[in-house]
Structure formats: C-alpha cells, structure tokens
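A.B. asks: Give the three-dimensional model of this entry:
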Amino acid sequence: MEMLSKNGAQFRTKTMEDARALRFSSCLKANPRFVGVAVCPCPKKLGHSYVTFNPASDPNGEAILARQQDARALRAATEGRDYIFVADDSGKFIWCMNPISGETYEVTSVDCTCPDHHYRCRPAGIQCKHIVALVSGAAPVRSWETAARPAAVRDDREALWG
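C.D. replies: The predicted structure is shown next:
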C-alpha cells in the first residue's frame, strides 16, 4: 500500500512475521527500483514487522504524491461541507471545526495544526484536507457570532435575550 511519512512517499507492506519481513526486505534491497528499504517492528504484535520502501525514480514518487493529494482533495470535497470555518480574532489563522469528529485545528492557506499535515503532508509538500477545504471554499468562513451555535440554541438565546 502507498503512504506518506516523514520520509516522503513510500510503500508499506502488511504486517508479517519478522523472518519473512527480513527476507522480503533483502529482495527489495537487491532490486534497483527501490531505495530506503526498512524493516519496522509492529508495535501491536510481538514477533511481527512490516517493510517500508521508496520508489527509486522521481516520477514514481511524484505519482504517489499526486494520488495522496487527490485522496485528500476528495475527502475535502465530501467532508468539507460539514466543516465550520471561523476566523480567529488575531487574523492570523482560521479555526476549522469538524462537528462529526469533534476535532478543531488552526488552518491557513499553507499550514494546518492537524497531525496529518504536521507528520505527513508538510514534509511531503502536499496539503491536508483541511487546507484544501478552506482554499476551495467548501464551507464559508464565519465570524464567532454566527459560527458554532446550532439553530435551536441560537433561537432559544434570541428568545431569552432578544
């Protein structure tokens, strides 16, 4: 499977017994199409590992990055409509709140505080789904007065305080 890591675009195998992972990594190291071969112990299953490796050619690495960016763009298009973007009073960033997951991040057109952007996207030079959703205008950027209150709460408050 393809993945992004701090090392860029990579392939990663499924978890397998340590001896098999070592044999597989030896085969990959002998193949000039792959570089950066590493055996990584599985933190959840003792005696098991997975193998990570990078494509040796730049076009193949770029193709992986393009597919990873496309996957994030698709998630931004489908999930981004539900995001609540609220401009911070400082004007330096926009809060991105996901009412489904409950997560909130600080987002700009080039940076995001989400783990995906911090650990995978930024080192690889691509954008996370929050940045893509913000830049594409998937949901409007609101002010604090109109942002995170559901309509029923807003109506009750207006009834009480006018």
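A.B. asks: Extract the C-alpha trace of the one helix or strand A9 maps to and format it as CSV.
C.D. replies: Using DSSP states H and E, A9 maps to strand 8-12. Taking C-alpha atoms only, strand 8-12 is exported to CSV below (Å, rounded to 0.1, in the frame of the first residue of the first chain):
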residue,chain,number,x,y,z
GLY,A,8,8.1,11.2,1.9
ALA,A,9,6.1,8.9,-0.4
GLN,A,10,6.6,5.3,0.4
PHE,A,11,5.2,1.8,0.0
ARG,A,12,4.4,-0.2,3.1
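A.B. asks: List of residues touching it?
C.D. replies: Outside of strand 8-12, the residues within contact range by CB atoms under 8 Å, 6 or more residues apart in numbering are 1-4, 34, 36, 50-55, 61-62, 64-65, 68, 123-124. Quick note: C-beta positions are derived from backbone N, CA and C, even for glycine.
A.B. asks: Now, these that are in helices?
C.D. replies: Among the contacts of strand 8-12, the members falling in helices (DSSP state H) are 61-62, 64-65, 68, 123-124.
A.B. asks: Please state the offset of the next helix or strand after the strand holding A9 from the chain centre?
C.D. replies: Sequence order places strand 16-17 as the next helix or strand after strand 8-12, per DSSP H and E. Taking CA atoms, centre = their mean, to the nearest Å, one finds strand 16-17 lying 27 Å from the centre of the chain it belongs to.
A.B. asks: Kindly report the same for stretch 116-126.
C.D. replies: With CA atoms, centre = their mean, you get 7 Å for stretch 116-126.
A.B. asks: just stretch 38-56 next, same as before
C.D. replies: Distance of stretch 38-56 from its chain centroid, counting by CA atoms, centre = their mean, is 21 Å.
A.B. asks: Can I get it in PDB? Just the C-alpha atoms.
C.D. replies: Output of stretch 38-56 as PDB, limited to C-alpha atoms (Å, rounded to 0.1, in the frame of the first residue of the first chain):
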ATOM      1  CA  ALA A  38      13.500  -0.600   6.200                       C
ATOM      2  CA  VAL A  39      12.000  -3.300   8.500                       C
ATOM      3  CA  CYS A  40       9.800  -1.800  11.200                       C
ATOM      4  CA  PRO A  41       8.700  -3.800  14.200                       C
ATOM      5  CA  CYS A  42       4.900  -3.900  14.600                       C
ATOM      6  CA  PRO A  43       4.000  -2.100  17.900                       C
ATOM      7  CA  LYS A  44       0.800  -4.200  18.300                       C
ATOM      8  CA  LYS A  45       2.100  -7.700  17.600                       C
ATOM      9  CA  LEU A  46       5.300  -9.100  19.100                       C
ATOM     10  CA  GLY A  47       7.400 -11.000  16.500                       C
ATOM     11  CA  HIS A  48       5.900  -9.200  13.600                       C
ATOM     12  CA  SER A  49       7.100  -6.400  11.400                       C
ATOM     13  CA  TYR A  50       6.300  -4.500   8.200                       C
ATOM     14  CA  VAL A  51       8.600  -3.300   5.500                       C
ATOM     15  CA  THR A  52       8.700   0.300   4.100                       C
ATOM     16  CA  PHE A  53      10.400   1.200   0.900                       C
ATOM     17  CA  ASN A  54      10.600   4.100  -1.500                       C
ATOM     18  CA  PRO A  55      10.500   4.100  -5.300                       C
ATOM     19  CA  ALA A  56      13.900   4.900  -6.800                       C
END
